[in-house]
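[1] Return a 3D structure for these sequence lines:
(2 chains)
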Amino acid sequence: MKIEETSETIISEFDNFDDWMDKYNYLIELGKSLPMIDEKYKVESNLIQGCQSRVWLHAEFDGQRVHFTADSDAVITKGIANLLIRVYSGHTPQEILDASTEFIKEIGLTEHLSPTRSNGLLSMIKQIKMYALAYKTKQAIDQ
Amino acid sequence: MIEKQMQVIDPMVIRRDFPILSQKVNNRPLVYFDNAATTQKPQVVIDAIADYYSGYNSNVHRGVHALSMKATLGFEGARETIRRFINARYTHEVIYTRGTTESINLVASSWGRKNIRKGDEVLITELEHHSNIVPWQLLCEEKEAKLRVVPILEDGSLDMDAFRRLLTDRTKLFCVTHVSNSLGTITPLKELVSLAHQNNTLVLVDGAQAMSHIRIDVQDLDCDFYAFSAHKVYGPMGIGGLYGKEAILDAMPPYQGGGEMIKTVTYDKTEYNELPFKFEAGTPNAGGAIAFGAALDYISGIGISAIAAYESELCAYATKRLMEKSSIRIIGNSPGKTSVVSFLIDRIHPYDAGTILDQLGIAVRTGNHCTQPLMDRYGIHGTIRASMAFYNTKDEIDALIAGINKVEELFL
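    Below you'll find the predicted structure:
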């Protein structure tokens, strides 16, 4: 599925909920279902700066696509990480770099998160894009 | 100050004085349990600010005109109200600042730079807020002095044996909080000050968390500096104060240069103004100071003893209700405590709990409360903190417990 398509799916999933308690319930379910990151990647260097709950993001590049795994010690944060992974993981660096981040606004996440959590979310997206840029550069050098 | 016969607090009557409390948040009645971060403002304080700006706003100590004189009278009158509230000997021992943080930085910058030398030690405690750590760290780095830390015991009270050991002939200053913002621990100030003074060590007290909960008598405590913030005592943000003993303040160099703090200025030499103006460069927050005075008058009208008695009842009730749940671990249960309960819910991250509680209209603080070293001491990243004031009720504590049950239902 293209990044835009996944984003649209997520937006319609969130549209189904009447209030924010239901949305949180959904994020909590997502948080509980996120495949845990391999323990060896839960290291300081994979910690996202700007989050008050700890979030680890690990990226792997298979030569064509970037694959992300993540974990957090807070479930809601983990749910948010899960959403981002659904959208961005398994795509080429160029696709990730080109993708808009509008869906975050569309589902109303940023307004409903505390500033610290909201910053954490933005830091996660930034980190995902940084990885994409790094792998794109690597691709260019390797070719 | 002689207090009138002690009143009994009726929170439902008190709540009528605080317009903000009657609102709904996320469609639920607001339960405001973040009073250690900042307290809400009674109507008299809001009115004092509105009256100032709509009636007599003008620069203090300058104009010969009527408005300026009225503003100056209000501004200096509030200083006297503060003096009475903390029982300082002289009004000029009360210096207006932006708040506790600035007061501490003033002492670090002015007294510290003059008096701390290479090899000296500044002693703090494990309970301190970052505001009472970082200014001393900066000073010690600059002066090649050493910052030492008094540890706490598991219950959150100070390790007094360690304190006695750490007081040495190199200890020039001891900086200690009166009440811990994270745990609510009340430190045994009188004893600490007396031991420090026997050692020729001056004492600075971070009073931010104490002023709204317990009677403060700086002469009885005999501390050398006492720092405080209006917004923690039902007053406005951006104003606070520093109490200092006259002789010590007199011997200190100015903190910032500018208007108000000078007597005469020539390009060769500036003669500084006398206390307290020497430390009050620039146009002050006059409206804020006047409203601070209104807040203290309001508190005095109710009586700090009545407030303390009611809050201690609230704290005991909250502690009891939380302890009924085996999943709750309370951090900090020292014998002397203000109405702050810091806790963890088993297997649930404080941020997750705080986010859901907010959805239920309950405002708590989660995180490290600007006391990272203290959290490290307990081997945790943060807590959920419910800090109560005299307008809170037992029903609200019940709502918190119901909220925690809901959180557990969602996450476990």
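[2] From A:Met21, how far out is the residue of the stretch 1-150 of chain B found nearest chain A?
    Residue nearest to chain A within the stretch 1-150 of chain B (Cβ to the nearest Cβ): B:Asn26, separated by 7.3 Å. From N, CA and C alone the C-beta is placed, and that goes for glycine too. Look at B:Asn26 and A:Met21: by Cβ to Cβ, to the nearest Å, they are 9 Å apart.
[3] overlap in contacts of the two?
    B:Gln359 (Cβ atoms under 8 Å, 6 or more residues apart in numbering or on different chains).
[4] can stretch B:29-44 be found next to chain A?
    No - if you take Cβ under 8 Å from any Cβ of the partner chain as the test, stretch B:29-44 misses chain A, and the best it gets is 12.3 Å.
[5] what comes into contact with that stretch?
    Surrounding stretch B:29-44, the residues in contact under the criterion Cβ under 8 Å, 6+ apart are B:17-24, B:181, B:209, B:212, B:231-237, B:294-295, B:297-298, B:339-340, B:361-365, B:369, B:385-389, B:391-392, B:396, B:399-400.
[6] middle-most residue in chain A, spatially?
    Centroid check for chain A by Cα atoms, centre = their mean gives A:Leu84 as the closest residue, at 2.5 Å.
[7] Who are the contact partners of that one?
    Residues touching A:Leu84, when contacts are defined by Cβ under 8 Å, 6+ apart, comprise A:68, A:70, A:121, A:124-125, A:128.
[8] at 7 Å instead, please
    Remark: with contacts taken as Cβ atoms under 7 Å, 6 or more residues apart in numbering or on different chains, A:Leu84 is in contact with A:124-125, A:128.
[9] I'd guessed B:Gly119 sits against B:Thr171; true?
    No - taking Cβ atoms under 7 Å as the contact criterion, B:Gly119 and B:Thr171 are not neighbours in contact, 11.4 Å apart.
[10] Look at these two and report which has more neighbours.
    The residue with more neighbours, out of B:Gly119 and B:Thr171 and counting by other Cβ atoms under 10 Å in any protein chain shown, is B:Thr171; that gives 19 against 10.
[11] In contact with the more buried one: list those residues for me.
    With contact taken as Cβ under 7 Å, 6+ apart, B:Thr171 is in contact with B:121, B:123, B:199, B:201.
[12] follow-up on the earlier one: keep only those of the contacts of stretch B:29-44 that are also close to chain A.
    Cross-checking those against chain A (Cβ under 7 Å from any Cβ of the partner chain) gives no overlapping residues.
[13] And the buried ones among these, selectable in PyMOL?
    The following PyMOL line selects those of the contacts of stretch B:29-44 that are buried, judged by 16 or more other Cβ atoms under 10 Å in any protein chain shown:
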select buried, chain B and resi 17+18+21+181+209+212+231+232+233+234+235+236+294+295+297+298+339+340+361+362+363+364+365+369+385+386+387+388+389+391+392+396+399+400
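[14] quick one on the thing from earlier: any idea how far the residue nearest to the centre of chain A is from A:Lys32?
    Counting by Cβ to Cβ, the gap between A:Leu84 and A:Lys32 amounts to 16 Å.
[15] neighbours of residue 28, just the number please.
    Since no chain was named, I'll use chain A. Applying the criterion other Cβ under 10 Å, we find 19 residues in the vicinity of A:Ile28.
[16] could you do chain B instead?
    B:Arg28 has 14 neighbouring residues, counting by other Cβ under 10 Å.
[17] Run through the bridge partners of it.
    The residues listed as beta-bridge partners of B:Arg28 by DSSP bridges are B:Val25.
[18] was I right about B:Gly332 contacting B:Leu183?
    Yes - judged on Cβ under 7 Å, B:Gly332 makes contact with B:Leu183 at a distance of 2.9 Å.
[19] more crowded one of those two?
    Between B:Gly332 and B:Leu183, counting by other Cβ under 10 Å, B:Leu183 is the more crowded of the two (28 against 24).
[20] B:Tyr226 belongs to a strand?
    Yes - with DSSP: H, G, I helix; E, B strand; the rest coil as the criterion, B:Tyr226 is located in a strand.
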